[in-house]
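Chemist: Predicted structure and sequence below. I'll ask about it afterward.
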Amino acid sequence: MLTKKQTTLAIFAVPALLMVAAFLGNLFVEGWNWSRFDFILAAILLFGTAGLISLERAIVKNNNYKILISLLIVVILILVWMELAVGLFGTPFAGS
């Protein structure tokens, strides 16, 4: 069983690793052209999601609800990310 500190570290390690992977991809992959704004927005989305999940895990006591709410938060992150990337829904904030 993981302690609360280890769980929090794991929750925030995932977005950190994703940001490192994006940075390395930007350096070494042809056609990967993220600007500073892209990195800032990605960090806000990823670490904001991690913060919400961490907060939710501290507040909610029922394990089934923890899993369900965490999955819901991740699905919302994925939908927002897809909208910003390709304009899936055609909203104005995606540039469509």
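Modeler: All right, it came through fine. Numbers count the residues shown, from 1 in each chain.
Chemist: Tell me the helix or strand right after the one helix or strand Ser54 maps to.
Modeler: Per DSSP states H and E: Ser54 is located in helix 36-59. Using DSSP H and E, the helix or strand that follows helix 36-59 in sequence is helix 63-86.
Chemist: what does that next one rub up against?
Modeler: With CB atoms under 8 Å, 6 or more residues apart in numbering as the test, helix 63-86 has contacts from 41, 45-46, 49, 52-53, 56-57, 60, 88-89, 91, 93-94. Heads up, the C-betas are built off the backbone N, CA and C, glycines and all.
Chemist: Just the buried ones among these, please.
Modeler: 46, 49, 52-53, 57 (16 or more other CB atoms under 10 Å).
Chemist: Let me see the contact set for the residue most central in space within the chain.
Modeler: Closest to where the C-alpha atoms of the chain average out (CA atoms, centre = their mean) is Leu46, at 2.7 Å. By CB under 8 Å, 6+ apart, the contact set of Leu46 is 14-15, 18-19, 77.
Chemist: Low-confidence stretches in this protein?
Modeler: Low-confidence segments of the chain (pLDDT under 70): 95-96.
Chemist: Identify the farthest-apart pair in the contacts of helix 63-86.
Modeler: Distance extremes for the contacts of helix 63-86: the farthest pair is Val60 and Ala94 at 31.2 Å, using CB to CB.
Chemist: Leu88 - nearest residue in space that isn't next to it in sequence?
Modeler: In this structure, Leu88 finds its nearest non-sequential neighbour in Met82, 4.7 Å apart by CB to CB, 6 or more residues apart in numbering.
Chemist: Can you get me a residue count around the one you found?
Modeler: 13 (other CB atoms under 10 Å).
Chemist: Also Thr8?
Modeler: 16.
Chemist: what's the helix or strand for it?
Modeler: According to DSSP H and E, Thr8 maps onto helix 4-28.
Chemist: Give me the nearest residue to Thr91, chain neighbours excluded.
Modeler: Excluding its sequence neighbours, the residue lying closest to Thr91 (CB to CB, 6+ apart) is Glu83, at 6.2 Å.
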